[in-house]
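Sequence plus the predicted model coming up.
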Amino acid sequence: MKKRVCILYTGGTIGMVPTEHGFAPKKAYFSTLLDEIYQLKDPDMPLWDIVEFDPLLDSANVAYEQWVSIGRAIKERYDYYDGFVILHGTDTMSYTASALSFMLEGLAKPVVLTGAQIPLCQLRSDGRDNLINSMVIASEGVVNEVCLYFAGKLLRGNRSTKTSADELMAFTSPNFPALANVGIDIKYNHHVLNQIPKSNKFKLVEFKQTPIGVLKIFPGIQFELFEQIISEKLKGVVLETFGDGNIPNNESSLVNSIQRVSAKGSVIAVCSQCYQGTTKLGTYATSNDLKSFGAVGCMDMTTEAAIAKLYYLFSMDYDIETIKNLMGKNLRGELSE
């Protein structure tokens with residue numbers, strides 16, 4: 001029996017059209033573009049349906065509410081399809097892929113995010129190949145996790161990050177190998193794939209509105225200008241630090257503010273500004289203060305994954321110590337323990 005794939009079209013460059021204000025999504029237009037792709041009618045392609053979101057979004061406007069909407073769309077159709085393809089803008093695709101990886105508990109089917117750097121209506125669009133290969137991957141059922149496909153690479157969603165605004169291969173996975181390489185054949189790297197969950201019971205965890213902040217440390221940072229960001233109102237703070245977790249310790253306002261919010265119950269999650277490598281709090285004196293304040297090293301997680309994981313853990317209503325503990329544990333393949 002033929003496999004069935006559900007395409008969730010949320011917006012993004014792949015379906016945009018030129019306007020006097022630049023490229024923008026156009027309602028009810030994308031389905032006509034799909035009708036013109038003759039490969040989608042090939043007998044080897046899976047059966048497919050498309051669900052167009054309303055309103056369509058530029059991915060720069062995606063927030064946790066849209067993550068929940070996508071999660072609900074999958075939950076409602078989970079039993080009727082063998083896999084899902086989510087068409088999404090590239091700017092925040094890694095954030096959405098990371099969020100869905102935590103929201104979709106017990107996932108035992110492929111969920112593939114993809115899109116395009118060049119709109120499908122343009123001559124040299126990369127969207128056709130990205131869409132077709134994503135649909136094939138979603139129908140084959142080899143992967144059982146949220147992943148991201150672009151330009152011949154299938155990446156774990158919560159390991160991906162956007163690294164190019166103008167290359168067709170817009171994404172990389174700096175600390176984890178590709179799940180599959182797509183050439184003449186689709187070659188899966190079976191040894192790195194997440195296993196089908198033992199319980200095999202699918203569940204959607206809807207994210208709740210949670211005050212989370214991100215602060216990138218830079219040389220000579222005048223922290224008093226940013227002090228309001230690191231406030232007790234934030235439940236979680238992701239610090240993008242130097243190297244393997246270092247911050248300036250010759251500026252007391254920075255250290256004191258982090259200590260204060262940590263003592264009042266905020267979770268301080270430490271990521272590295274380096275694409276590759278892992279945080280190791282306490283290796284250098286300049287990261288020892290963070291360790292002593294109870295900050296959590298995110299190891300080799302991306303910032304996108306750290307933000308999504310904080311949303312997930314707070315939405316589960318865990319206590320602060322449990323959240324700190326789980327931030328350093330591998331839940332969905334997001335970090336290397």
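Okay, I see it.

Just list the residues touching the residue nearest to residue 296 when sequence neighbours are not counted, thanks.
Closest residue in space to residue 296, ignoring its immediate chain neighbours: residue 327 at 4.5 Å, by Cβ to Cβ, 6 or more residues apart in numbering. Backbone N, C-alpha and C define where each C-beta goes, glycine included. By Cβ atoms under 8 Å, 6 or more residues apart in numbering, the contact list for residue 327 reads 267, 269, 296, 298, 306, 309-310, 313.

isn't residue 331 right up against residue 316?
No: applying Cβ atoms under 8 Å, one finds residue 331 not in contact with residue 316, separated by 10.7 Å.

Low-confidence regions, the stretch 101-250 of the chain specifically.
Across the stretch 101-250 of the chain, the ranges flagged by pLDDT under 70 are 200, 224-229, 232.

so where do the strands sit in it?
With DSSP state E, counting those that start in this stretch applied, the stretch 101-250 of the chain shows strands at 104-105, 111-114, 146-150, 153-156, 161-162, 171-172, 180-182, 186-188, 203-204, 212-216, 236-241, listed in chain order.

where along the stretch 201-337 of the chain do the helices fall?
252-263, 285-292, 303-315, 320-327 (DSSP state H, counting those that start in this stretch).

Give me the helices and strands touching the longest one, please.
Contacts defined by 3 or more Cβ pairs under 8 Å, 6 or more residues apart in numbering; DSSP states H and E place helix 303-315 against helix 93-103, strand 212-216, strand 236-241, strand 267-272, helix 320-327.

per-residue confidence averaged over that helix?
Per-residue pLDDT over helix 303-315 has a mean of 97.

now swap in the first one and tell me
When the per-residue pLDDT values of helix 252-263 are averaged, the result is 78.

Run the chain-centre distance for it.
Helix 252-263 sits 29 Å away from the centroid of its parent chain (Cα atoms, centre = their mean, to the nearest Å).

Report the inter-axis angle for that helix versus strand 236-241.
140 degrees (axes from the mean of the first three to the mean of the last three Cα atoms, to 10 degrees).

Next, the buried residues of the longest strand seen in the chain.
Looking across the chain with DSSP state E, the single longest strand is strand 47-57. Within strand 47-57, the residues that count as buried by 16 or more other Cβ atoms under 10 Å are 48, 51-53, 56-57.

quick one: which of the residues you listed is nearest residue 201?
residue 51 (24.0 Å; Cβ to Cβ).

Now for that closest one: which residues touch it?
Residue 51 neighbours (Cβ under 8 Å, 6+ apart): 6-9, 73, 77.

re the thing from before, out of the helices and strands packed on helix 303-315, nearest to residue 161?
helix 93-103 (5.1 Å).

could you say what helices and strands the closest one packs with?
helix 64-77, strand 111-114, strand 146-150, strand 161-162, helix 303-315.
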